[in-house]
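> I would like to see how this sequence folds:
(chains A and B)
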Amino acid sequence: MNDDELKNEAIERYLLTKMTVNEREEFEEEMIQNPELKEQVALYKALYNIDQDNDDWITIEDNPQLLKKEIALFRSQETKEFSKSLKQYRQANTKEKESMFKMQRWSAIAAIVIIGVFILYPRSSDLPDLYEQYHNWEELPSYVSKGENTDQILEEIEATFRSKKYQNIITLSQTLDPTIYETNPQVLLFIGVSYLETNQYKNALTTFDRLTKSDGLDFHKGYWYKVLTFLKQEDKENAVKTLKTIMENPTYYKYSSAKELLKELE
Amino acid sequence: MNKKDPFIDGFLKGKPETFTKLYTESFPAVLSYILRRGGSKAVAEDIFQNALVTLFVKLKNDELQIQSFNNYLFTICKNLWRRECSQNRVTNLPATPLMDEEVDLAKFSIEQKQWDLYQEKLKELSENCRKLLLLSFKKIPYKEIVVIFNYASETVARQRVFKCKSRLIKLIKNDSRYLRLKP
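Predicted structure coming up:
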């Protein structure tokens, strides 16, 4: 192991509290003497926040100057005014709802009955909520940042997608050279999601299936997008079935989210 | 999306119709996410409000590049919820006076900027490196990583994680935003 690897291992052992009391004290002393090490430890610590499936959030030490500037932004007149109008909107909205609830007693009783039914049979009605919660089109691959060698058509597809012109993508996909699916199978994600956004579920599923059967490294992403399609369709049975396929391999895309979602559905 | 977008413009001007859209279209998913994790409606409302204020400050003062307002808002809410849970869990700390709400949000805003930078740089790594690092950030033991990636030994797994992490750190440190954001 070289020096960097040794340093990396020491930081990991420190952060995962695997050091003995003596080792820990020595390491903390070294951090006081060596600001570079202290900075590296703070960065390693903050990197653990990357994983959004992790419920922990690590707060790192403040940079006083930066914090001072940021506080000034939050205390500025315009932020205060924005915050105030948001609070007023919330209060007015809640009051409006409360008075409606008082006035329409029978409607309220009916609502309670409906809520009761939802509690007894929560599953299928929850699926669109879960779809809202789990879909995130920002996670689709980006072709724009890959530089000069990127195929222009891919950039066009991405730009059209980002401007939410889903029907245009579908039309465009029908004129594409079929070899693009071999060289860039992930383009199928943009097409499949466009079908999904326009509620053409059958076509969406066929497109994601095509990805799962491709030779691309990311073929397994197709399973996750099939799950999203089933959620939007409120097809619990197939959503669970596809989630179980993802659970077969921890390296499959969205393995942790699939685990969490499966727990919620079962 | 930029400030010229009519929705963002309406948001920055605090137009009630924009708030109505946010509360009817974006809030339900946040509420559902928090209720499922044992939070209350009141907590979800506070988190949603704080996320909107954070987003307001970011949009007003940063050159924020977001592709979807709704998805980014949801990301901020998720991170605020994780932060809320982590703070509640830490019960053995000495009692400190209640923190000013604006100071606390300012602290979170810096942490969110760091998080955005790390996410952006993570996306620049190879798919393999990303997967490996995500497992490492989940604190999955090396012996399990060996099985998942079919590596010859734990030493190989350790070296691969180290190389990917070093690459990520280099990318982060080479970005001009890092110097501004570092502790």
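> Just give me the neighbour total for residue A:244.
Neighbour count of residue A:244, defined by other CB atoms under 10 Å in any protein chain shown: 13. For the C-beta atoms, the positions are set from N, CA and C on the backbone; glycine is no exception.
> got the contact list for it?
residue A:262 (CB atoms under 8 Å, 6 or more residues apart in numbering or on different chains).
> Pull out the buried residues from the host helix or strand of it.
Using DSSP states H and E, residue A:244 sits in helix A:236-247. For helix A:236-247, burial by neighbour count (16 or more other CB atoms under 10 Å in any protein chain shown) applies to A:236, A:239, A:242, A:243, A:245, A:246.
> same thing with stretch A:22-36?
A:27, A:31.
> is chain B contacted by that stretch?
No - applying CB under 8 Å from any CB of the partner chain, one finds stretch A:22-36 separated from chain B by no less than 10.3 Å.
> before we move on, what about stretch A:208-223?
Yes - contact between stretch A:208-223 and chain B, assessed by CB under 8 Å from any CB, occurs at A:217, A:218.
> Span of that stretch from start to end?
One end of stretch A:208-223 sits 7 Å from the other (CA to CA, to the nearest Å).
> And for that stretch, what's in contact with it?
By CB under 8 Å, 6+ apart, the surrounding residues in contact with stretch A:208-223 are A:181-182, A:185-186, A:188-189, A:192, A:225-226, A:229, A:242, A:245-246, A:249, A:251-253, B:127.
> rounded to a whole number, what's the mean pLDDT of it?
Mean pLDDT, stretch A:208-223: 87.
> now the contacts of stretch A:208-223: which count as buried?
Of those, these count as buried by 16+ other CB under 10 Å: A:181, A:185-186, A:188-189, A:192, A:225-226, A:229, A:242, A:245-246, A:252-253.
> from these, which ones fall inside helices?
A:181, A:188, A:189, A:192, A:225, A:226, A:229, A:242, A:245, A:246 (DSSP state H).
> do stretch A:174-190 and chain B meet at all?
No - Stretch A:174-190 lies out of reach of chain B by CB under 8 Å from any CB, never closer than 10.4 Å.
> pLDDT of that stretch, averaged?
pLDDT averaged over stretch A:174-190 gives 82.
> what do you get for stretch B:105-120?
Here the average pLDDT along stretch B:105-120 is 93.
> Check which residues of it are buried.
By 16+ other CB under 10 Å, the buried positions in stretch B:105-120 come out as B:105-118.
> From the residues you listed, pick the one nearest chain A.
residue B:106 (3.9 Å; CB to the nearest CB).
> show me where the stretch 51-200 of chain A has helices.
A:64-74, A:77-103, A:105-120, A:123-134, A:152-162, A:166-173, A:180-183, A:187-197 (DSSP state H, counting those that start in this stretch).
> out of those helices, which comes closest to residue B:178?
Closest to residue B:178 of the helices of the stretch 51-200 of chain A is helix A:64-74 (CB to CB; 12.0 Å).
> what's the spacing between the closest residue in space to residue A:230 that isn't next to it in sequence and residue A:137?
Nearest non-adjacent residue to residue A:230, counting by CB to CB, 6 or more residues apart in numbering or on different chains: residue A:239, 3.7 Å away. Here the criterion is CB to CB, to the nearest Å. By it, residue A:239 lies 19 Å from residue A:137.
> what do you get for residue A:35?
41 Å.
> host element of the spatially closest residue to residue A:136 that is not a sequence neighbour?
In space, and not counting its chain neighbours, residue A:136 is closest to residue B:71: 5.1 Å by CB to CB, 6+ apart. If you go by DSSP H and E, residue B:71 is part of helix B:69-89.
> by how many degrees do that helix and helix A:123-134 diverge?
Comparing the axes of helix B:69-89 and helix A:123-134 via axes from the mean of the first three to the mean of the last three CA atoms, to 10 degrees yields an angle of 100 degrees.
> in helix B:69-89, what's buried?
Buried residues in helix B:69-89, counting neighbours by 16+ other CB under 10 Å, are found at B:69-70, B:72-86.
> Then stretch A:206-224?
Neighbour-count burial for stretch A:206-224 flags A:207-208, A:210-212, A:214, A:216, A:218-224 (criterion: 16+ other CB under 10 Å).
> ok so, going back, would you tell me which one of the buried residues of helix A:236-247 comes nearest to chain B?
When the buried residues of helix A:236-247 are compared against chain B (criterion: CB to the nearest CB), the nearest one is residue A:246, at 13.7 Å.
> And chain B, split by domain according to the record?
Split into domains by automatic domain parsing, chain B comes to B:1-92, B:101-183.
> Out of those domains, which is closest to residue A:62?
Closest approach to residue A:62 among the domains of chain B is made by domain B:101-183 (6.4 Å; CB to CB).
> Neighbours of residue A:255, how many?
A count of nearby residues for residue A:255, using other CB under 10 Å, gives 22.
> I misspoke; the intended subject was residue B:57.
Residues near residue B:57, counting by other CB under 10 Å: 20.
> ok, it touching residue A:79?
Yes - the pair residue B:57 / residue A:79 is scored as a contact, 5.8 Å apart, by CB atoms under 8 Å.
> Check the gap between residue B:151 and chain A for me.
12 Å (CB to the nearest CB, to the nearest Å).
> Neighbours of residue A:163, how many?
With neighbours defined by other CB under 10 Å, the count for residue A:163 comes to 9.
> Residue B:153 too?
Applying other CB under 10 Å, we find 11 residues neighbouring residue B:153.
> Name the nearest residue to it, ignoring sequence neighbours.
Ranked by CB to CB, 6+ apart and with sequence neighbours excluded, the top spatial neighbour of residue B:153 is residue B:146, at 6.7 Å.
> what number of residues lie near the one you found?
With other CB under 10 Å as criterion, residue B:146 counts 17.
> go on, residue B:30?
Counted by other CB under 10 Å, the residues lying close to residue B:30 total 25.
> Nice, that's everything, thank you.
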